[in-house]
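>>> got a structure for you, letters missing:
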């Protein structure tokens, strides 16, 4: 896969998920599928914003319900920092209110838990295509 961030650098992905087991599992399966991707992992939205400011990952994969700062507030802050940030939302909430809030902020994909790996990988591919300008 070609570099997405900048010439000579590997693409990167930030996982923001407070469930440690889910966080680790996501990192493991994504790293196995996309060996060249640099993965950052944090457990709340505030740390997600801080890490985004520092590393500017290509994709942010986030849960909604988290301590300190939820995924909605974090996504809004990230979009304020970089309007073309690519977000993949993961949630157990099927309530349209959450979907609408994220629609206002902007996202690449909105996935309902439990997430099937082919669905997750399709969402990541969609973001990569958007980043490369081919999607």
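Received the coordinates, thanks. What you are looking at is a predicted structure, and each value in this text was computed from that prediction instead of being measured. Residues are numbered from 1 along each chain as shown.
>>> Can you name every helix or strand that the longest helix anywhere in the chain contacts?
The helix that spans the most residues within the chain, counting by DSSP state H, is helix 117-132. Contact here means 3 or more C-beta pairs under 8 Å, 6 or more residues apart in numbering; DSSP states H and E; on that basis helix 117-132 packs against helix 20-33, strand 59-63, strand 86-91, strand 109-112. From N, CA and C alone the C-beta is placed, and that goes for glycine too.
>>> could you give the angle of the very next helix or strand once past the first one to helix 20-33?
Going back to what we said before, that points to helix 20-33. For helix 20-33, the succeeding helix or strand toward the C-terminus, using DSSP states H and E, is strand 38-42. Between strand 38-42 and helix 20-33, the angle comes out at 180 degrees (axes from the mean of the first three to the mean of the last three C-alpha atoms, to 10 degrees).
>>> Show me the contact partners of strand 38-42.
10-17, 23-24, 27, 30-31, 48, 51, 55, 57 (C-beta atoms under 8 Å, 6 or more residues apart in numbering).
>>> Now do it against strand 59-63, angle only.
Computed by the same axes, to 10 degrees, the angle between strand 38-42 and strand 59-63 is 30 degrees.
>>> Strand 38-42 pairs with which strands, and in what direction?
Each strand paired with strand 38-42, and its direction, by DSSP bridges: strand 12-16 (parallel).
>>> For the partner strand, what is the distance to the chain centroid?
On the basis of C-alpha atoms, centre = their mean, to the nearest Å, strand 12-16 is displaced by 5 Å from the centre of the chain it belongs to.
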